[in-house]
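Trainee: one predicted model, sequence on top.
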Amino acid sequence: MIIQKTENSRISTFDPNNFSFGNTFIDHMIICEYEEGKWGDVKLVPYGPIPFTPAMMGVNYGQACFEGMKAYKDKDGQVFLFRPEKNFERINKSAKRLAMPEVTEEMFLEGLKALVDIDRDWIPQGEGMSLYIRPLIFATEEALKARVSNKYMFAIVATPAKMYYTEPVSVKISDHYSRAASGGVGSAKAAGNYAASFYPTQLAIEEGYEQIIWTDDATHEYFEESGTMNVFVRIKDTIFTPPTSEKILDGVTRDSFIQLAKKRGIEVKVEPIKVADVVEAQKNGTLKEVWGVGTAVVTTVFQALGHNGEKLELPKLSDEESYAVILKNDLVDLQTNLSEDSFGWRVLVDHVLETV
């Protein structure tokens with residue numbers, strides 16, 4: 001790895017009590033370029049602009065994918081990653097689906113650890129605080145030709161993070177737009193998936209909702225995801241979540257919730273969820289809660305579902321009654337070293353760059 005430390009650290013300007021998620025970037029970033037059929041050296045360099053032209057193929061033809069993950073700092077100042085091998089596996093799954101070169105485990109994990117280590121002072125401590133990390137791969141060849149690019153960049157950038165949603169939100173069940181189609185790229189964390197979701201979400205916001213529950217493209221009869229999150233439904237004391245597929249992203253937080261629920265002895269059914277069944281459960285009082293999970297949000301509890309012009313209110317559960325809150329607390333305690341890690345998910349980031 002080639003390391004170029006910044007001579008102008010901005011850490012003194014960072015106020016952990018007053019910052020904007022997604023707009024505040026740490027001092028360094030990781031970059032690595034792909035040319036002539038192979039990846040070059042991984043470089044840790046000062047964060048900043050990279051020169052590209054409007055003819056860059058990633059902009060014109062959409063060969064771009066990314067990951068979302070976090071680093072956490074415990075009360076003693078130790079820094080941990082959470083299940084980074086899952087993000088490594090998934091970024092390569094996305095890259096393969098978009099006909100881009102896969103990255104090596106060494107590139108991904110060592111680059112990740114070096115970046116988090118050198119900028120560990122940027123990781124805020126406290127409830128809901130973390131460092132959000134964005135690994136990405138995108139096409140960089142300068143050519144206006146609709147074909148697979150010959151040049152790419154792998155990069156990792158990061159931003160301090162705090163709680164995404166602080167209050168329950170209302171979501172609209174989509175009856176027209178879909179996040180993904182059969183045979184498409186729904187299971188890849190492709191940049192274009194997010195661009196396509198913005199307009200329907202904007203329409204939902206104009207109707208008074210904060211997010212959308214995406215339904216299947218063929219019939220709109222089944223739940224798939226919610227916004228940028230995997231979705232969970234609790235009917236009576238059973239949790240339901242749709243199985244992953246070529247249309248549904250294999251979320252790391254989703255998998256963690258499933259395993260944590262099973263550890264508590266909560267019944268989890270990974271099976272298709274019919275919109276009609278959820279609406280019926282709301283009508284007869286057996287629908288206890290619906291929530292979304294993802295790296296950035298961790299957990300977002302829903303307070304109402306919009307369906308066929310009707311706003312279906314959900315029960316207001318206490319933190320002790322809510323499976324969503326209980327499992328979120330289990331997850332956060334594990335991530336921040338407040339509980340024993342029986343799963344082996346927590347990865348300590350050593351001071352690997354102390355001599356640099």
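Mentor: Nice, thanks for sending it over.
Trainee: ok, and the closest non-adjacent residue to residue 104?
Mentor: Among residues not flanking residue 104 along the chain, residue 39 sits closest, at 7.0 Å (C-beta to C-beta, 6 or more residues apart in numbering). In short, each C-beta sits where N, CA and C put it, glycine included.
Trainee: list the contacts of stretch 189-205.
Mentor: 62, 64-68, 90-91, 94, 97-98, 138, 171-172, 174, 176-177, 179-180, 185-186, 210-212, 214, 227-228, 249, 306 (C-beta atoms under 8 Å, 6 or more residues apart in numbering).
Trainee: before we move on, back to that, give me phi/psi at the residue nearest to residue 104?
Mentor: According to degrees, to the nearest 10, the main-chain angles of residue 39 amount to phi -80, psi 140.
Trainee: pretty sure it is in contact with residue 33, am I right?
Mentor: Yes: Residue 39 lies in contact with residue 33 (C-beta atoms under 8 Å); the separation is 7.5 Å.
Trainee: what do the two both touch?
Mentor: With C-beta under 8 Å, 6+ apart as the test, residue 39 and residue 33 both reach residue 154.
Trainee: what's the burial count for residue 340?
Mentor: 9 (other C-beta atoms under 10 Å).
Trainee: got the phi/psi numbers for it?
Mentor: phi -70, psi 140.
Trainee: any idea how far it is from residue 333?
Mentor: Using C-beta to C-beta, to the nearest Å, one obtains 9 Å as the distance from residue 340 to residue 333.
Trainee: about what we covered before: so who does the residue nearest to residue 104 touch?
Mentor: Contacts of residue 39 by C-beta under 8 Å, 6+ apart are 32, 33, 101, 103, 104, 107, 154.
Trainee: top of these by neighbour count?
Mentor: The most crowded member of those, judged by other C-beta under 10 Å, is residue 154 (26 neighbours).
Trainee: bridging residues for it?
Mentor: For residue 154, the beta-bridge partners are residue 32, residue 137 (DSSP bridges).
Trainee: how about the residue nearest to residue 104: which residues does it bridge to?
Mentor: According to DSSP bridges, the residues that bridge with residue 39 are residue 34.
Trainee: in terms of helices and strands, where is the residue nearest to residue 99 when sequence neighbours are not counted?
Mentor: Nearest non-adjacent residue to residue 99, counting by C-beta to C-beta, 6+ apart: residue 148, 4.9 Å away. For residue 148, there is no helix or strand it lies in under DSSP states H and E.
Trainee: same thing with residue 239?
Mentor: For residue 239, the host element (DSSP H and E) is strand 238-241.
Trainee: identify the residues contacting the helix or strand just after that strand?
Mentor: Counting by DSSP H and E, the next helix or strand C-terminal to strand 238-241 is helix 252-263. Residues outside helix 252-263 that contact it (C-beta under 8 Å, 6+ apart): 69, 82-83, 86-87, 90, 230, 232, 239, 241, 244, 268, 270, 293-295, 298, 323, 327, 330-331, 334, 342-343, 345.
Trainee: now which of these would you call buried?
Mentor: Buried members of the contacts of helix 252-263, counted by 16 or more other C-beta atoms under 10 Å: 69, 82-83, 86-87, 90, 230, 232, 239, 241, 244, 268, 293-295, 298, 323, 327, 330-331, 334, 345.
Trainee: by residue count, which helix of the chain is the longest?
Mentor: helix 191-206 (DSSP state H).
Trainee: could the C-alpha coordinates of it be exported in CSV?
Mentor: Extracted C-alpha coordinates of helix 191-206, given in CSV (Å, rounded to 0.1, in the frame of the first residue of the first chain):
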residue,chain,number,x,y,z
ALA,A,191,-25.9,3.1,-8.2
GLY,A,192,-28.7,3.2,-10.8
ASN,A,193,-31.1,1.4,-8.4
TYR,A,194,-31.1,4.5,-6.2
ALA,A,195,-31.5,7.0,-9.0
ALA,A,196,-34.6,5.1,-10.2
SER,A,197,-36.1,5.2,-6.7
PHE,A,198,-35.9,9.0,-6.2
TYR,A,199,-38.9,10.0,-8.3
PRO,A,200,-41.4,7.6,-6.8
THR,A,201,-40.1,8.5,-3.3
GLN,A,202,-40.6,12.2,-4.1
LEU,A,203,-44.2,11.5,-5.1
ALA,A,204,-44.8,9.7,-1.8
ILE,A,205,-43.3,12.6,0.1
GLU,A,206,-45.7,14.9,-1.6
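Trainee: ok, and for it, which residues are buried?
Mentor: In helix 191-206, counting by 16+ other C-beta under 10 Å, buried: 191, 192, 193, 197, 200, 201, 204.
Trainee: same check, this time on stretch 220-239
Mentor: Along stretch 220-239, these residues count as buried under the neighbour rule (16+ other C-beta under 10 Å): 220, 222-235, 239.
Trainee: ranges for the strands of the stretch 101-250 of the chain?
Mentor: Under the criterion DSSP state E, counting those that start in this stretch, strands of the stretch 101-250 of the chain are mapped to 130-139, 152-161, 169-173, 211-215, 223-226, 229-235, 238-241.
Trainee: which neighbours does the fifth one have in its sheet, and in what orientation?
Mentor: Right, strand 223-226. Strand 223-226 has the following sheet partners, assigned by DSSP bridges: strand 211-215 (antiparallel), strand 229-235 (antiparallel).
Trainee: export only the CA atoms of stretch 43-56, formatted as PDB.
Mentor: Extracted in PDB, the C-alpha atoms of stretch 43-56 (Å, rounded to 0.1, in the frame of the first residue of the first chain):
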ATOM      1  CA  LYS A  43      -3.200   4.200  -2.300                       C
ATOM      2  CA  LEU A  44      -4.200   5.900   0.900                       C
ATOM      3  CA  VAL A  45      -4.200   9.600   0.000                       C
ATOM      4  CA  PRO A  46      -5.700  12.900   1.300                       C
ATOM      5  CA  TYR A  47      -9.500  13.200   0.600                       C
ATOM      6  CA  GLY A  48     -10.300  15.400  -2.300                       C
ATOM      7  CA  PRO A  49     -11.400  15.800  -5.900                       C
ATOM      8  CA  ILE A  50     -10.300  13.400  -8.600                       C
ATOM      9  CA  PRO A  51     -10.100  14.700 -12.200                       C
ATOM     10  CA  PHE A  52     -12.600  13.100 -14.600                       C
ATOM     11  CA  THR A  53     -14.400  14.200 -17.800                       C
ATOM     12  CA  PRO A  54     -18.100  14.100 -18.700                       C
ATOM     13  CA  ALA A  55     -17.200  11.300 -21.100                       C
ATOM     14  CA  MET A  56     -16.300   9.000 -18.200                       C
END
